[in-house]
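Q: got a predicted model here, sequence first, then my questions.
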Amino acid sequence: MPRLGPRGLPGSYRIGFWYNTETAPDLLTGADGRPFALTGASPAERRGRYGGYILLQQQLTGSYVDDPVSGPRTTHGLSMFLNFTQTDRRTTRTDNQLALWLVFAGPLKARLGDDMGFGIGRTHVNGRAALAEALATPGSEQPDSEYSSEIYYSFHAARWLVFRPNVQYVIAPGGYAKAPDIVVLGLKSAITF
């Protein structure tokens, strides 16, 4: 496990890939090699879907404990999470996603078990999928990227019970710039046995 800085704060850095041997329809190209939205042909079948990701997780400030089962756990301080995912552009409507989270553990002296966080993200609509939609519906808006953010507070009512109210704000839902922005109020709860 990598350690950052003179205090050796823990981090985790992962890279991964996947490959699936099943077939899936192409988003744009028909069986005849031309855009199926123009020709009416069936979509070409593509064998082998693939993708990859990079996940960076690093505690930036504060303190932690080494848990023998799950590894280091931040008890107080700020941590950063960065995730990038890229998928198969031939068959997947959203081809990449980027997200950044800042999480502060123990934000209040009286509530050291709680945590709060803020995250932002971008989900990109595959240009091939956007072109297929534009060809199928001339004059329609082509989707591009959706931008979202969230802020939450996790209230640990007991060791086994957590409540997490959150507010999410989404710009260009579905990647459509003309779509109205969305505000979502949420409440997540978790019970641990």
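A: Noted; the coordinates are in hand.
Q: only C-alpha atoms from now on, for both contacts and neighbour counts.
A: Noted.
Q: in stretch 175-184, which residues are buried?
A: For stretch 175-184, a neighbour-count test (16 or more other C-alpha atoms under 10 Å) marks 175-177 as buried.
Q: what of stretch 32-42?
A: 35-37.
Q: need the buried residues of stretch 175-184 in TSV (columns: pLDDT).
A: Formatted as TSV, the buried residues of stretch 175-184 follow (pLDDT from 0 to 100):
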residue	pLDDT
G175	96
Y176	96
A177	96
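Q: looking at those, which is nearest D26?
A: The nearest member of the buried residues of stretch 175-184 to D26, counting by C-alpha to C-alpha, is G175 at 20.0 Å.
Q: quick one: that closest one from D67, how far?
A: Remark: distance between G175 and D67 (C-alpha to C-alpha, to the nearest Å) = 41 Å.
Q: please identify the helix or strand for the closest residue to N96 other than its chain neighbours.
A: Excluding the flanking residues, the one nearest N96 by C-alpha to C-alpha, 6 or more residues apart in numbering is Q86, at 4.4 Å. Using DSSP states H and E, Q86 maps to strand 71-87.
Q: what are the contacting residues of that strand?
A: 10, 50-67, 94-107, 112-113 (C-alpha atoms under 8 Å, 6 or more residues apart in numbering).
Q: filter these to the buried ones?
A: With burial judged by 16+ other C-alpha under 10 Å, the buried subset of the contacts of strand 71-87 is 10, 50-51, 53, 57-64, 94-107, 113.
Q: mark which of the residues you listed are part of strands, please.
A: 10, 50-51, 53, 57-59, 63-64, 94-105 (DSSP state E).
Q: I'd like the buried residues of stretch 175-184 laid out as JSON lines, including secondary structure.
A: Below are these laid out as JSON lines (DSSP: H, G, I helix; E, B strand; the rest coil):
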{"residue": "G175", "secondary structure": "helix"}
{"residue": "Y176", "secondary structure": "coil"}
{"residue": "A177", "secondary structure": "coil"}
